[in-house]
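Enquirer: Sequence first, then the predicted structure:
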Amino acid sequence: DTGVSQDPRHKITKRGQNVTFRCDPISEHNRLYWYRQTLGQGPEFLTYFQNEAQLEKSRLLSDRFSAERPKGSFSTLEIQRTEQGDSAMYLCASSPRRLAGGYNEQFFGPGTRLTVL
Amino acid sequence: QKEVEQNSGPLSVPEGAIASLNCTYSDRVSQSFFWYRQYSGKSPELIMSIYSNGDKEDGRFTAQLNKASQYVSLLIRDSQPSDSATYLCAVNSSPLGTQGGSEKLVFGKGTKLTVNP
């Protein structure tokens, strides 16, 4: 049973460039989440997919950010016109279909560390 | 603003002692509570989930929940140097076993624990 995978693990880019990150959830997990974490802070929620539908978006997700999960499997997060403030760890998590009385347990991937110069 | 508060520490305990980590939350409708362990430079790892008042034990870990006081804690018995990490408390308000409500986790900033040999 492989865990959540993310690619790339590290990305260094110049301000103003576009970047795209990929997340592959645990197989058979129909729910997928993106979070952002900066140094000394806990992860902050960005967006949530159930299958291919994007059901929640944080106000943190500005117009420069877009996420997709076209076939309900892997997901991509794109940041356009990157700014230095976008430097952070971008974390993807997945969780299985919710069972009656079940928790919303989310399992995180290794993250993509973005540095914007 | 729904908040999760943790003492940032650092909390330092000797090897073999009990480490006690605390978390308070502001949203009274919160339903599920999670503890994640995060080693430096790594992603969060789920170690405990709890949704009912009282204690839940798993090996050396015990999670305690008091919804009336909006308080959740994590006890680590027989602490080991390998337990040295940042512990993140996370809260979800989605009703158990349903599709309603927000699926996001709201995290505290984490408590850094150091276990001294």
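Expert: Perfect, I can see it now.

Enquirer: Of all the residues in chain B, which one is nearest chain A?
Expert: B:F107 (3.0 Å; Cβ to the nearest Cβ). For glycine as for every other residue, the C-beta is placed from the backbone atoms N, C-alpha and C.

Enquirer: for the closest residue to that residue other than its chain neighbours, helix, strand, or coil?
Expert: Excluding the flanking residues, the one nearest B:F107 by Cβ to Cβ, 6 or more residues apart in numbering or on different chains is A:G42, at 3.0 Å. Here A:G42 is coil, with the state taken from DSSP: H, G, I helix; E, B strand; the rest coil.

Enquirer: what separates B:S20 from B:N92, distance-wise?
Expert: 23 Å (Cβ to Cβ, to the nearest Å).

Enquirer: brain fart, A:L61
Expert: Going from A:L61 to B:N92 by Cβ to Cβ gives 19 Å.

Enquirer: more crowded one of those two?
Expert: B:N92 (24 against 18; other Cβ atoms under 10 Å in any protein chain shown).

Enquirer: Near the residue of chain A found nearest chain B, how many other residues are there?
Expert: Residue nearest to chain B within chain A: A:G42 (3.0 Å; Cβ to the nearest Cβ). Per other Cβ under 10 Å, the neighbour tally for A:G42 reads 22.

Enquirer: Check what pLDDT the residue nearest to A:G40 when sequence neighbours are not counted gets.
Expert: Nearest residue to A:G40 in three dimensions, chain neighbours excluded: B:K109, at 6.7 Å (Cβ to Cβ, 6+ apart). At B:K109, the model reports a pLDDT of 96.

Enquirer: Alright, that wraps it up for me.
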